[in-house]
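> just need the structure, nothing else, for what follows:
(one chain, ligands or ions: 1)
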Amino acid sequence: MLFHVRMDVHLPRDLPAGERDAILAREKAYSQELQRSGEWRHIWRIAGAYANVSIFDVADNARLHEILSGLPLFPFMTIAVMPLLRHPSAIRDDDT
Ligand SMILES: O=C(O)C[C@H]1C=CC(=O)O1
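Next up, the predicted model:
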């Protein structure tokens, strides 16, 4: 199942730099592992915002929730999820 996910990050300004850097390093490793596995299909930075748009390809809603709630940055994010399905006019075979 495909999902469009927007993640906006709101890190507290008073978060100690060492703690922030450690969370960001864990976030990067977590994200890249899921990208390698194929469940996190795309990630794009939204220009001008500390936010991304991502496409997930996961078994079900429960798996998406597990992934999102496991993000090291999860406590500092606002997340919006849109379920996707193939558009009848789509021409690319991998848009499923
Ligand atoms: O920077 C972000 O958009 C937040 C987050 C999502 C993946 C990742 O590596 O960082």
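> can you pull out the low-pLDDT segments for this protein?
Low-confidence segments of the chain, defined by pLDDT under 70, are located at 95-96.
> just the helices in it please.
According to DSSP state H, the chain carries its helices in the segments 17-37, 61-69.
> distance to His4 and mean neighbour count added to those helices, as TSV?
Using the backbone N, CA and C atoms, a C-beta is placed for each residue, glycine as well. Supplementary listing: the helices of the chain in TSV, determined by distance: least, C-beta to C-beta, whole Å; neighbours: other C-beta atoms under 10 Å:
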stretch	distance to His4	mean neighbour count
helix 17-37	16	13
helix 61-69	11	14
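> which bits of the protein sit near the ligand?
Listed as neighbours of the ligand in the chain under the rule C-beta under 6 Å from any ligand atom: Met7, Val9, Glu27, Lys28, Ser31, Asn52, Leu73.
> show me the contacts for the nearest residue to the last one once chain neighbours are set aside.
Here the nearest residue to Leu73 in space, its sequence neighbours aside, is Glu27; by C-beta to C-beta, 6 or more residues apart in numbering that works out to 4.9 Å. Taking C-beta atoms under 8 Å, 6 or more residues apart in numbering as the definition of contact, the neighbours of Glu27 are Leu71, Pro72, Leu73.
> for these, which one is nearest Asp93?
For these, the minimum distance to Asp93 (C-beta to C-beta) is 30.2 Å, reached by Leu71.
> number of nearby residues for the closest one?
19 (other C-beta atoms under 10 Å).
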